[in-house]
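Asks: 3D model of this:
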Amino acid sequence: MTYLVGESEVLPLPDESVDAVRTMSPPNASSSSEFFRVLRPGGQVSVGGSAGSALNLGAGMLTEAGFVDAAVASDDGGPSLVARKP
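Replies: Numbers count the residues shown, from 1 in each chain. Got it, this is the predicted structure:
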């Protein structure tokens, strides 16, 4: 497993080159598009560490970028947002 730490709006990765993206910042339009670009089909983006309202806005951003099954859920670690690239 490899981790990349950087700016979510400009990921230095080839198209469709990763299986999962994990972030602690709610996605915006730029980062949502970038996540979609680098994820392989079936890949998943997971967002944690934010307030539920920010995650709900993020779900809309991910859906607009082309993600499906975007959902906010709460567990023992707090709210999280998960979406999948079709």
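Asks: any low-confidence regions in this structure?
Replies: Along the chain, segments meeting pLDDT under 70 span 50.
Asks: Where is the longest helix in it?
Replies: As assigned by DSSP state H, the longest helix anywhere in the chain is helix 52-65.
Asks: Show me what it is packed against.
Replies: helix 29-38, strand 39-48, strand 68-75, strand 78-84 (3 or more Cβ pairs under 8 Å, 6 or more residues apart in numbering; DSSP states H and E). C-beta here means a position set from N, CA and C on the backbone, and glycine is covered the same way.
Asks: how about that helix: buried residues?
Replies: 54, 55, 58, 59, 61, 62, 65 (16 or more other Cβ atoms under 10 Å).
Asks: So the first one is in contact with residue 26, correct?
Replies: Yes. Using Cβ atoms under 8 Å, residue 54 is in contact with residue 26, at 4.2 Å.
Asks: From residue 57, how far out is the most centrally placed residue in the chain?
Replies: A centroid search over the chain (Cα atoms, centre = their mean) returns residue 45, at 3.4 Å, as the residue closest to the centre. Taking Cβ to Cβ, to the nearest Å as the measure, residue 45 falls 15 Å from residue 57.
Asks: now do residue 84
Replies: Taking Cβ to Cβ, one finds residue 84 at 19 Å from residue 57.
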